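Novice: heads up, no residue letters with this:
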């Protein structure tokens, strides 16, 4: 529950700021600041403690708003970019890289969506001879706070008008009500992230159950939306092959192949500095107990483990979901 909202002085009169504030029914504390960094970037903060009661920061995103993604993270396009209208997430997955990336666990929301759109529009024009792919949900969950942010309502119409661009909304949320108010858009992919249920219950805190996520995927698919399946990170466990087989089978029984745009998976991986901060921040030792090695500054599984997991994942996916593109997000 958000109890405090910090507002940058330069956007306190922005129409979206007013819209967002109007969505809070209960009385909240409003604190004005000159720049969000005064709250978000303080070094003495403890991410884990702050995560128990995060505040919302409303700010203006300055500088570059689109960033290239690694070639290996593509889902079929050559022109790939991610953008983050928000930093941090309402969920609390123990493997989440955000706890190693940011000083603060507060939700930082950039209200100047129109500036993001201007950069997106420029890229679409620049790449007019081929499709541009735009990914949301790297630094936050695309849908989880949409009731406050109005993100979907602003960006879906943009991509409806720009058929030469593809939008991926990555999420673990079941908040699809605003999406269902729109007719399906061929160039929009609603991409759901999964780990098997027993893993999710253990380390994906506050995340809706696998069953609930499959149910909302089924509803979206029935309405004509394209679905993306994202199994990232792949997490080692007892009975690894069996529990991933069960997950893929459950999805395949509910989601027709023709509704699935693409499948991607990736191993757990962290830059060295980020990894050390995550281990320091986590009070439990589940993540640090995994068999990580330092491979040129990136902490991940051994190459032998990665190859073993890749073979199992691809074999099991092909067992249930035939003729769907599968992408391995290698580091």
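Specialist: Noted; the coordinates are in hand. These numbers come from a predicted model, not from an experiment.
Novice: Residue 116: neighbouring residues, count only.
Specialist: When counting by other C-beta atoms under 10 Å, one arrives at 21 neighbours for residue 116. All C-beta spots, glycine's among them, are computed from the backbone N, C-alpha and C.
Novice: Looking at the residue nearest the centre of the chain now. What's its pLDDT?
Specialist: Taking C-alpha atoms, centre = their mean, the centroid of the chain lies closest to residue 137, which sits 3.0 Å from it. Here the pLDDT value assigned to residue 137 is 93.
Novice: Also residue 175?
Specialist: Looking at residue 175, its pLDDT is 97.
Novice: three-state assignment of it?
Specialist: At residue 175 the chain is in coil, as set by DSSP: H, G, I helix; E, B strand; the rest coil.
Novice: Tell me the spatial nearest neighbour of it, not counting adjacent residues.
Specialist: Spatial nearest neighbour of residue 175, chain neighbours left out: residue 143 (4.8 Å); criterion: C-beta to C-beta, 6 or more residues apart in numbering.
Novice: circling back: contacts only, for the residue nearest to the centre of the chain.
Specialist: When contacts are counted by C-beta atoms under 8 Å, 6 or more residues apart in numbering, residue 137 is found next to 168-171, 191.
Novice: try 6 Å this time
Specialist: Residue 137 makes contact with residue 170, according to C-beta atoms under 6 Å, 6 or more residues apart in numbering.
Novice: Could you do residue 267 as well?
Specialist: Listed by C-beta under 6 Å, 6+ apart, the contact set of residue 267 reads 234, 300-301, 306.
Novice: Could you list everything residue 86 pairs with in the sheet?
Specialist: Beta-bridge partners recorded for residue 86 (DSSP bridges): residue 109.
Novice: which stretches of the stretch 201-331 of the chain form strands?
Specialist: Counting by DSSP state E, counting those that start in this stretch, the stretch 201-331 of the chain has these strands, from start to end: 204-205, 226-234, 260-267, 270-271, 293-295, 298-300, 326-328.
Novice: Neighbouring strands - and their directions - for the longest one?
Specialist: Just to be clear, that refers to strand 226-234. In the sheet, strand 226-234 lines up against strand 188-193 (parallel), strand 260-267 (parallel) (DSSP bridges).
Novice: Identify all contacting residues around it.
Specialist: The contact list for strand 226-234 (C-beta under 6 Å, 6+ apart) reads 95, 189-191, 193-194, 217, 221, 259-268, 309.
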